[in-house]
Structure formats: structure tokens, C-alpha cells
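1. predicted model follows, preceded by the sequence.
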Amino acid sequence: MHASAFRYSPPGNPVAAATVEIGKVTVSVRLSFDGDPSAYRCPAGGVERREAEALDLLSKGLFVSGIDTPIATVTGAAGHRFVQENAVFQPPDRWIYRGSCGVGASRNGLTLTGVLGYRLEVRAGWARRAGECGPPATAAEWCEFFGAQLASIGGVVLRRASVLSPGTPP
């Protein structure tokens with residue numbers, strides 16, 4: 001068995017993302033991880049292949065709900081354990097949720113383990129058909145303008161959005 005740790009490049013690059021338009025609002029959700037998970041492959045394979053497979057495993061089945069609340073819920077199919085530590089409004093258009101994510105998953109001879117930091121960005125803005133509406137200035141205005149649309153979404157399935165390094169297959 002061969003172990004390696006890898007870091008996403010560049011840091012903060014989203015691993016998974018989704019964009020949805022509902023009514024006059026466009027919502028963008030981006031999830032990124034920070035840290036060095038360990039990836040074990042039996043039998044040993046090339047580093048690039050192991051990194052690409054680990055990213056696939058890490059981004060599998062990611063689902064975000066509660067994006068209209070101060071505590072967004074993130075789940076994943078690969079044994080993720082998300083624990084939110086804080087949420088901050090960044091004017092004029094986004095909430096940033098941060099926390100830790102424990103990972104313990106195996107698939108096709110690859111085992112991925114570790115504790116990573118995560119950053120979930122939920123961005124809401126007026127869609128083109130909304131016309132010339134100004135952006136909200138405060139978290140309260142953001143919730144007033146976009147809360148009903150965000151609540152009606154229920155949840156968002158995220159799809160893999162990035163690669164680890166140049167030349168690494170998606």
C-alpha cells in the first residue's frame with residue numbers, strides 16, 4: 001500500500017459547485033477544502049491518477065441544504081462529517097460558511113482519510129430578468145431580498161468543479 005498527501009492547487013479553488021436560477025434570483029454555491037488528506041492506493045498507482053481519483057471520491061455526492069439559514073447543512077456520500085464553525089455575511093452578495101470535514105472513504109482500492117477545513121460560499125444576486133435592482137447592503141437585506149427563493153430551493157447537488165494541478169485528468 002502506498003500513501004501520499006496532496007493539496008489542492010490553487011488553495012481555495014472550489015472542489016464542487018452549482019448554479020441555479022429561481023425566479024429573479026441566481027444562486028451560486030461553491031465548496032472548497034483546505035488541508036492535506038491522505039490517499040492510499042492498493043495496489044500502488046501513479047500519483048496523478050491517485051490524486052484525480054481522490055478528488056473524485058471527495059467530491060462524490062455532495063449536497064447542501066439550509067442555504068437560507070445561518071447553519072447550512074453539507075453532506076457527502078464518501079463518509080464526510082461536516083461541522084460548521086462560523087458563518088459570515090460578505091456584502092453585497094454572499095454568505096461564507098466555514099468548518100471542518102472529517103473524511104474516511106474507500107472505493108476501488110483507494111482509501112482517503114483526514115480532517116480538512118471547508119469553505120462553503122453561497123452567493124445570491126438578481127438574475128438578468130430582475131432588471132435594475134440594487135444589491136443588498138446588509139445581511140438583513142440579503143435575507144429579505146433572497147430568503148424566500150433560497151428557502152424554496154431546499155437543497156443543491158454539487159458537481160466536481162476543479163482539478164488538482166495542470167495535467168491531472170478530471
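-> Good, I have the coordinates.

2. which residue lies nearest the spatial centre of this structure?
-> Leu31 (1.6 Å; C-alpha atoms, centre = their mean).

3. ok, it touching Val122?
-> No: look at Leu31 against Val122 with C-beta atoms under 8 Å: they stay out of range, at 9.9 Å. C-beta coordinates here come from the backbone N, C-alpha and C atoms, glycine included.

4. quick one on the thing from earlier: so the residue nearest to the centre of the chain, which state does it fall into?
-> In three-state terms, and counting by DSSP: H, G, I helix; E, B strand; the rest coil, Leu31 is strand.

5. quick check: bridge partners of it?
-> Ala16, Leu120 (DSSP bridges).

6. how about Phe63?
-> With DSSP bridges as the rule, Phe63 is bridged to Thr75, Val157.

7. check what pLDDT it gets.
-> The score at Phe63 is 93. That number is its pLDDT.

8. any idea how far Pro135 is from it?
-> Taking C-beta to C-beta, to the nearest Å as the measure, Phe63 and Pro135 are separated by 28 Å.

9. which residue ranges of this protein form helices?
-> Under the criterion DSSP state H, helices of the chain are mapped to 47-58, 139-153.

10. kindly reformat the ones you listed as JSON lines containing mean pLDDT and mean neighbour count.
-> Below are the helices of the chain laid out as JSON lines (pLDDT from 0 to 100; neighbours: other C-beta atoms under 10 Å):
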{"stretch": "helix 47-58", "mean pLDDT": "73", "mean neighbour count": "20"}
{"stretch": "helix 139-153", "mean pLDDT": "86", "mean neighbour count": "17"}
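
11. CSV for those, including distance to Thr111?
-> Converted to CSV, the helices of the chain look like this (distance: least, C-beta to C-beta, whole Å):
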stretch, distance to Thr111
helix 47-58, 9
helix 139-153, 34
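
12. Ala18 is nearest to which of those?
-> When the helices of the chain are compared by C-beta to C-beta, helix 139-153 sits nearest Ala18, at 10.1 Å.

13. quick one: contacts of that closest one?
-> Here helix 139-153 makes contact (C-beta atoms under 8 Å, 6 or more residues apart in numbering) with 20, 22-25, 27, 67-68, 89, 91-93, 95, 122, 124, 133, 136.

14. again, only this time at 10 Å
-> 20-27, 29, 64-70, 87-95, 122-127, 130, 133-136, 138, 156 (C-beta atoms under 10 Å, 6 or more residues apart in numbering).

15. of those, select the buried ones using a PyMOL command.
-> Of the contacts of helix 139-153, the buried ones go into a single PyMOL selection, burial set by 16 or more other C-beta atoms under 10 Å:
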select buried, resi 24+25+26+27+29+64+66+67+68+87+89+93+94+95+122+123+124+125+126+127+136+156
